[in-house]
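Asker: Structure for this input, please:
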Amino acid sequence: MDEYNKILNPLKAEELLIRASQIGFDASCDILTGNFLRLLVASRKQINILELGTGVGHSTAWILEGMDESSKLYSVEMNEECSSIAKEILGNDQRLELIVCDGAEYIMEHANRRFDIIFADTWPGKFYLLEEVLKMVKSGGIYIIDDLNPQPNWPEGHGEKVKELITYLESRDDFFISKLNWSTGLILMTRKV
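Answerer: Numbering: from 1, shown residues only. Below you'll find the predicted structure:
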C-alpha cells in the first residue's frame, strides 16, 4: 500500500511550502500528518481547535480543509515572519484566528479554555507546560503531537527528551493513547469520558 497515493493537498499547501523554503523554515508538518489531521478534524462538527506552532501555516491549511463552517481554529506562533506568511495566505478564512505570541504565554493566559482537539507542534504544550495543555483537552477530546521519530533538524540531546515525553504520556490513566510509528512519529490521545 502506498500511503502517499491519492492524497489531495489543500489548495494553498504548495504555496505555503514554497514560502517556507524561501525563508529557510524547515519544520512544516509532513504530508501524511497533514492528511491525518484533516481526517480527524473532518470527523467532528462545531468544534474548537488549538494549534500550538503555526509555522507558516502548512498544517493549518490541512486542518482548515477538514473543518466545517461552525468550527473555530486558534493557531499560535511566536515567529512573526512565519505568522505573517500564514496570515497573508490563510488569513481571510473567518474560522481561523492567528495569534502571534509565545505558546507558553497563550497557554498560561487561556488555561481555563477547553478544546476538542489540540495539536501541539512546538515545545510549549509538548515538552513543557504539558500538564496545563492536557487539562485544556475536553472530555472525549483529542491531543495530538508529531515529530517523535528522529528528525534531521533535532538539536543534540533531543532524542532523550522525546523518550521521556513518550514514557510520561504512556503512564497517564486519564487518556487513551495510540502511538503511530508512521509519518514523523505521532501520538494521539483521547481524554477518557
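
Asker: Which residue ranges of this protein form strands?
Answerer: Under the criterion DSSP state E, strands of the chain are mapped to 48-52, 72-77, 96-100, 115-120, 137-145, 175-180, 186-191.

Asker: mind listing what Leu130 touches?
Answerer: The neighbours of Leu130, taking C-beta atoms under 8 Å, 6 or more residues apart in numbering as the test, are 165, 168. Every residue, glycine included, has its C-beta placed from N, CA and C.

Asker: where does it land on pLDDT?
Answerer: Here, the pLDDT recorded for Leu130 equals 97.

Asker: For stretch 13-30, C-alpha coordinates in PDB please.
Answerer: What follows is stretch 13-30 as a C-alpha-only set of coordinates in PDB (Å, rounded to 0.1, in the frame of the first residue of the first chain):
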ATOM      1  CA  ALA A  13      -0.400  23.900   0.700                       C
ATOM      2  CA  GLU A  14       2.200  24.100  -2.100                       C
ATOM      3  CA  GLU A  15       2.300  27.900  -1.900                       C
ATOM      4  CA  LEU A  16       2.900  27.700   1.900                       C
ATOM      5  CA  LEU A  17       5.800  25.200   1.400                       C
ATOM      6  CA  ILE A  18       7.400  27.400  -1.200                       C
ATOM      7  CA  ARG A  19       7.200  30.400   1.100                       C
ATOM      8  CA  ALA A  20       8.600  28.300   4.000                       C
ATOM      9  CA  SER A  21      11.600  27.300   1.800                       C
ATOM     10  CA  GLN A  22      12.200  30.900   0.800                       C
ATOM     11  CA  ILE A  23      12.700  31.900   4.500                       C
ATOM     12  CA  GLY A  24      14.600  28.700   5.400                       C
ATOM     13  CA  PHE A  25      11.800  27.300   7.600                       C
ATOM     14  CA  ASP A  26      12.100  23.500   7.500                       C
ATOM     15  CA  ALA A  27       9.700  22.400  10.200                       C
ATOM     16  CA  SER A  28       6.400  22.300   8.300                       C
ATOM     17  CA  CYS A  29       4.300  19.200   9.000                       C
ATOM     18  CA  ASP A  30       4.700  16.100   6.900                       C
END
